[in-house]
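**Q** sequence first, then the predicted structure:
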Amino acid sequence: PTLVKVSPYDLRSGKNTENKKTKVKLILSNTAQETGYNALFYSTNQLFTWDQADALLKEKVDNLKNQTGSRDLDEDLTEQIKEEYDFCYTPKKKSLKRCNDAKWWPQIFYDTLTTDLRTTCITNALTEALNKNELYDVYRMYIASRPDEKKDNLSFESIHGWDTEALFGYEWFGLRSSSQRKQRKLEDSLRDIVQYFCYDDAELKWARTKLW
């Protein structure tokens, strides 16, 4: 085992790894709605309508402005977020075509937004930072696949632990849909990626994609 004495982000500097010689390969991954785990298993932040999502978003943005000072944030931040994340309704785009869409609903809107803030963007930044150090060869994986199932009228998303569940065997969440072809395909794909990665298999092709 190796004790890392600095922040992972600071490992981008070769000065913090001068005593290391062996190149390290890493996969940094997260699911698209990591924070969705909480809503599925606890009542906190459960959203069933776009009005509820709108009220919660405004509450969180107001709290953020109060904590940081409104001068540091755009007055139209709430509307900018809605526009960026295809909210059901925004003043600039008065379209309701995504309302009740099977691929985009109030809960997944909020969970995607909060996951981007807490996990996705941070992991993107860490990936780029570590790749500045020649000691590291870092690959980025983003998992959006999700099961077709509901719990207490909330649709399952690609929540925290879903990738682990697929990689090591469907059991923890106890979903009926675990035997579906799509779920098995995710399981096989993740296991293939890990196998190819560990054994440096040339068949594994990683796309070069900008993280921002």
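**A** That came through, no problem.
**Q** below-threshold pLDDT in the protein: ranges please.
**A** Applying pLDDT under 70 to the chain flags the ranges 1-2, 70-71, 89-100, 201-212.
**Q** most centrally placed residue in it?
**A** residue 32 (3.3 Å; CA atoms, centre = their mean).
**Q** can you give me the distance of that one to residue 198?
**A** 25 Å (CB to CB, to the nearest Å). Backbone N, C-alpha and C define where each C-beta goes, glycine included.
**Q** okay, now stretch 159-174: how far is its last residue from its first?
**A** In stretch 159-174, first residue to last residue: 14 Å (CA to CA, to the nearest Å).
**Q** could you give the number of residues near residue 20?
**A** Neighbourhood size, residue 20 [other CB atoms under 10 Å]: 14.
**Q** how about it: what's its closest non-neighbour residue?
**A** Once flanking residues are discounted, residue 20 sits nearest to residue 135: 5.7 Å by CB to CB, 6 or more residues apart in numbering.
**Q** where's that neighbour relative to residue 3, distance?
**A** In terms of CB to CB, residue 135 sits 16 Å off from residue 3.
**Q** which one's more surrounded, the two?
**A** Each of residue 135 and residue 3 has its neighbours counted (other CB under 10 Å); residue 135 has more, 16 against 4.
**Q** test my guess that that one contacts residue 16.
**A** No: counting by CB atoms under 8 Å, residue 135 does not reach residue 16; the two are 9.6 Å apart.
**Q** give me the common contacts of these two.
**A** Both residue 135 and residue 16 lack any common contact, where contact means CB atoms under 8 Å, 6 or more residues apart in numbering.
**Q** what about the spatially most distant residue from the centre of the chain, which SS state?
**A** Taking CA atoms, centre = their mean, the residue of the chain most remote from its mean C-alpha position is residue 19, at 33.1 Å. When classified by DSSP: H, G, I helix; E, B strand; the rest coil, residue 19 comes out as coil.
**Q** phi, psi of it?
**A** phi -90, psi 0 (degrees, to the nearest 10).
**Q** which residues does it contact?
**A** Here residue 19 is in contact with no residue (CB under 8 Å, 6+ apart).
**Q** distance check, it against residue 118.
**A** Taking CB to CB, one finds residue 19 at 32 Å from residue 118.
**Q** quick one: the strands in this protein?
**A** 24-31, 136-143, 150-151, 154-155 (DSSP state E).
**Q** which of those strands sits closest to residue 56?
**A** Among the strands of the chain, the nearest to residue 56 by CB to CB is strand 154-155 (14.5 Å).
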